[in-house]
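Enquirer: I would like to see how this sequence folds:
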Amino acid sequence: MLNRNLIILIFSQIFSFTVAPVTVLLSGIIASGMIDIKYIATLPTALTVVGTAIGSVFASYLMSIKGRKFGFIFSSLMSSFAALLASFAVFNDYFIIYCLANLILGLGLAFTAQYRFAAAESVSKQHIPTTISIILLSGLVSAVIGPNIATISKNIITDHLYAGSYLFLSLITFIPFCLFIFFNNEKNDLEKKVIQGRSYLTLLSQPRFFQAVVSAAIGYVIMSFLMTATPIEMHVIQQMSLNKTGFVIQMHIFGMFLPSLFTGILIKKFGHSKIMYVGILILIICVIINFSHQHFYNYLAGLILLGIGWNFLFISGTSLLIISYKPEEKFKAQGLNDFLVFSTQAVGALAAGYLLYLTNWQFINILCLPLLIIILLATLYADKITNN
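Expert: Okay, here's the model as predicted:
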């Protein structure tokens, strides 16, 4: 199953994805110190997700005409530049520029999100769930590298807290550029297929395709909503230390990716829908734990379960998506899926800070329950139509 392209994608995922945990950990805290309007403190985080949503269609289109290799090299350079821009903004206390830098970092993450599709295309059909799991599992290393380097390097530039964190992030995100020089495009990567296949509406009308998109999109919006609010809730509102906050975020990301060791195996054994049902149940338990108390261990347990529930919904949704479209529709279908997934994630990230300051931590957890019902209904409907 392993081949050169897959190995390159695994290591590139490690370095490229460090953007995500660093953004989650730092952007809300940094923004809270830059501006007086606290309820928009999650704006930089939200703009990262907006950038990912906007970039998802662009990434699919660019790689459909230029190939995976060109797209991934381009995104590495873009992310490295954006990290430098963020360092400059933090150094000079420029909130608008910091927001712009986070937006560009999000564009880079849109290309990183395509790693899972590129990996799935490099193996046979029966290995797709396992391959996607391996790619996501490498995010565990990102969860260790990102927050630790951000914390260790935060004081490197005297009197400009966190400017050094982004300087080091710039170096890390440049590494994939060197790796992708050795990446081989598949022949059909260079064929202009982006406009071929069924329409977007027709794709979404397919029950299994719709189920896959809903599972990944709503799983992501719930994860983004609660994860984005957590650093502000813990560090700013509850006055917990940055080390404790960073540890919870790290464990959350471990929860997101560690189950990938067996999620692909479980999907192959029990099917996509059953894993989605389990993911829904886990997220309900997460909401209950978060709602009950506001202690460190509640945040820790809740965020770990949030990561596990997301993992089950996202991997099952992604692997189901890949077998729900025709080969010539891959760039169109992948672009549509990621646009919807990351657009809803952006809404969650932007709403998190506003609703947290407007209401409270318990209320924003309760808001997640109706979204879980939507996934449940979409999955039940797809199962009913397919089994009849």
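Enquirer: tell me what the longest helix seen in the chain is packed against?
Expert: Determined from DSSP state H, the single longest helix within the chain is helix 330-358. Judged by 3 or more CB pairs under 8 Å, 6 or more residues apart in numbering; DSSP states H and E, helix 330-358 is in contact with helix 43-66, helix 115-121, helix 200-205, helix 207-231, helix 296-322, helix 361-366. Where C-beta positions appear, they are placed from N, C-alpha and C, glycine not excepted.
Enquirer: among those helices, which comes closest to D338?
Expert: Ranking these by proximity to D338 (CB to CB) places helix 43-66 first, at 3.4 Å.
Enquirer: quick one: mean pLDDT for the helix or strand containing I282?
Expert: Assessed by DSSP states H and E, I282 sits inside helix 272-292. Helix 272-292 carries an average pLDDT of 95.
Enquirer: would you mind measuring from the nearest residue to S215 once chain neighbours are set aside to N155?
Expert: For S215, ignoring the flanking residues on the chain, the nearest one in space by CB to CB, 6 or more residues apart in numbering is G317 at 3.5 Å. Computed with CB to CB, to the nearest Å, the distance linking G317 and N155 is 41 Å.
Enquirer: more neighbours, these two?
Expert: Neighbours per residue (other CB atoms under 10 Å) separate G317 from N155, with G317 holding more: 27 against 14.
Enquirer: just checking, that one touches F210?
Expert: No - using CB atoms under 8 Å, G317 makes no contact with F210, being 10.6 Å away.
Enquirer: which residues do those two both contact?
Expert: The contact sets of G317 and F210 do not overlap (CB atoms under 8 Å, 6 or more residues apart in numbering).
Enquirer: okay, now the unreliable bits of the stretch 1-150 of the chain?
Expert: Across the stretch 1-150 of the chain, the ranges flagged by pLDDT under 70 are 1, 38-39.
Enquirer: would you map the helices across it?
Expert: Secondary structure of the stretch 1-150 of the chain by DSSP state H, counting those that start in this stretch: the helices cover 4-16, 19-34, 43-66, 68-92, 95-112, 115-121, 128-137, 139-152.
Enquirer: these into CSV, with extra columns for distance to F331 and mean neighbour count?
Expert: Putting those into CSV (distance: least, CB to CB, whole Å; neighbours: other CB atoms under 10 Å) gives the following:
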stretch, distance to F331, mean neighbour count
helix 4-16, 17, 21
helix 19-34, 23, 24
helix 43-66, 4, 24
helix 68-92, 10, 22
helix 95-112, 13, 24
helix 115-121, 9, 24
helix 128-137, 17, 24
helix 139-152, 24, 20
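Enquirer: rebuild those as a markdown table, extending it with distance to D338.
Expert: Listed next are the helices of the stretch 1-150 of the chain as a markdown table, based on distance: least, CB to CB, whole Å:
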| stretch | distance to D338 |
| --- | --- |
| helix 4-16 | 15 |
| helix 19-34 | 15 |
| helix 43-66 | 3 |
| helix 68-92 | 13 |
| helix 95-112 | 7 |
| helix 115-121 | 9 |
| helix 128-137 | 14 |
| helix 139-152 | 16 |
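Enquirer: hmm, V144 is touching I249, no?
Expert: No - V144 is not in contact with I249 according to CB under 8 Å; the separation is 11.5 Å.
Enquirer: need the contact list for the residue nearest to S215.
Expert: 211-217, 219, 272, 276.
Enquirer: measure it to I267 for me?
Expert: Distance from G317 to I267, counting by CB to CB: 10 Å.
Enquirer: same check on L369?
Expert: In this view, L369 and I267 are 25 Å apart by CB to CB.
Enquirer: then T245?
Expert: T245 is 33 Å from I267, where distance means CB to CB.
Enquirer: K69 now?
Expert: To I267, K69 is 29 Å away according to CB to CB.
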